[in-house]
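Enquirer: give me a 3D structure for the following:
(chains A and B)
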Amino acid sequence: SQTIHQWPATLVQPVGSPLSLECTVEGTSNPNLYWYRQAAGRGLQLLFYSVGIGQISSEVPQNLSASRPQDRQFILSSKKLLLSDSGFYLCARSSGGWDTQYFGPGTRLTVL
Amino acid sequence: DQQVKQNSPSLSVQEGRISILNCDYTNSMFDYFLWYKKYPAEGPTFLISISSIKDKNEDGRFTVFLNKSAKHLSLHIVPSQPGDSAVYFCAAKASAGNMLTFGGGTRLMVKP
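Expert: Predicted coordinates for the structure are as follows:
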């Protein structure tokens, strides 16, 4: 079966600190990978997507960045967190084309 | 500009009755539509999808209807159960792309 892992599950960080969230996928090769954020009371906002190793597309300007060092690993980073970066971060995968996107369990980030 | 809108932020339904969740879109390039269900602090779970070549798709208690001329889709849940209480997101994509555009979500509460 295809599984998405996200680590950590929850995180509390001070403003100005760095961030690294990890997403790993099992049971599939060459997936499309996505990072979404859900701010409190809001819908899902696509942040980044990747169709392959080293290939990252950014959907919104922000102080976050993403990297895909391996086929099944997707990392979300920041050098300096802002209060507005608080939210629920979701990693998703698909096989491209018409395939449905499936989501991981998410990481709750609180920036204080 | 929101290309996918869910105009009802919340909906309350009695157990056993029908729940109807609505979604409108503006982008005529969208030709594949999905519904996701999300519990707090969890990733969204895929429920059902429909492509633009169909106007109805049914899976158990869940039916999605698509009205292309009105750019409107709806999710019907019959009969509604307390376990259906969650936030429901509709999403849309164009076949030429990899990205889903999500609505803001509707919180469904099914009362016993």
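Enquirer: quick one: the strands in the chain, in order.
Expert: Just so you know, I chose chain A. For chain A, applying DSSP state E gives strands covering A:3-7, A:10-13, A:19-26, A:32-38, A:44-52, A:55-58, A:64-70, A:73-78, A:87-94, A:102-103, A:107-111.
Enquirer: my bad, the chain I had in mind was chain B
Expert: Using DSSP E, strands in chain B cover B:4-5, B:10-14, B:19-25, B:32-38, B:45-51, B:56-59, B:62-67, B:72-77, B:86-93, B:101-102, B:106-111.
Enquirer: and those, which one's lowest on average pLDDT?
Expert: The stretch with the lowest mean pLDDT among the strands of chain B is strand B:101-102, at a mean of 91.
Enquirer: what pairs with that strand, parallel or antiparallel?
Expert: strand B:86-93 (antiparallel) (DSSP bridges).
Enquirer: pLDDT below threshold where in chain A?
Expert: Low-confidence segments of chain A, defined by pLDDT under 70: A:1-2, A:41, A:61, A:96-98.
Enquirer: how about the residues of it near chain B?
Expert: A:4, A:6, A:32, A:34, A:36, A:42-46, A:49, A:51, A:59, A:88, A:90, A:92, A:94, A:96-98, A:100-106, A:108 (C-beta under 8 Å from any C-beta of the partner chain). Quick note: C-beta positions are derived from backbone N, CA and C, even for glycine.
Enquirer: distance check, the nearest residue to A:Ser95 once chain neighbours are set aside against A:Thr3.
Expert: Of all residues not flanking A:Ser95 in the chain, A:Pro31 sits nearest, at 6.2 Å (C-beta to C-beta, 6 or more residues apart in numbering or on different chains). Distance of A:Pro31 to A:Thr3, given as C-beta to C-beta, to the nearest Å: 11 Å.
Enquirer: overlap of the contact sets of these two?
Expert: Taking C-beta atoms under 8 Å, 6 or more residues apart in numbering or on different chains as the criterion, A:Pro31 and A:Thr3 both touch A:Val25.
Enquirer: B:Asp59 touches B:Ile48, doesn't it?
Expert: Yes: using C-beta atoms under 8 Å, B:Asp59 is in contact with B:Ile48, at 5.1 Å.
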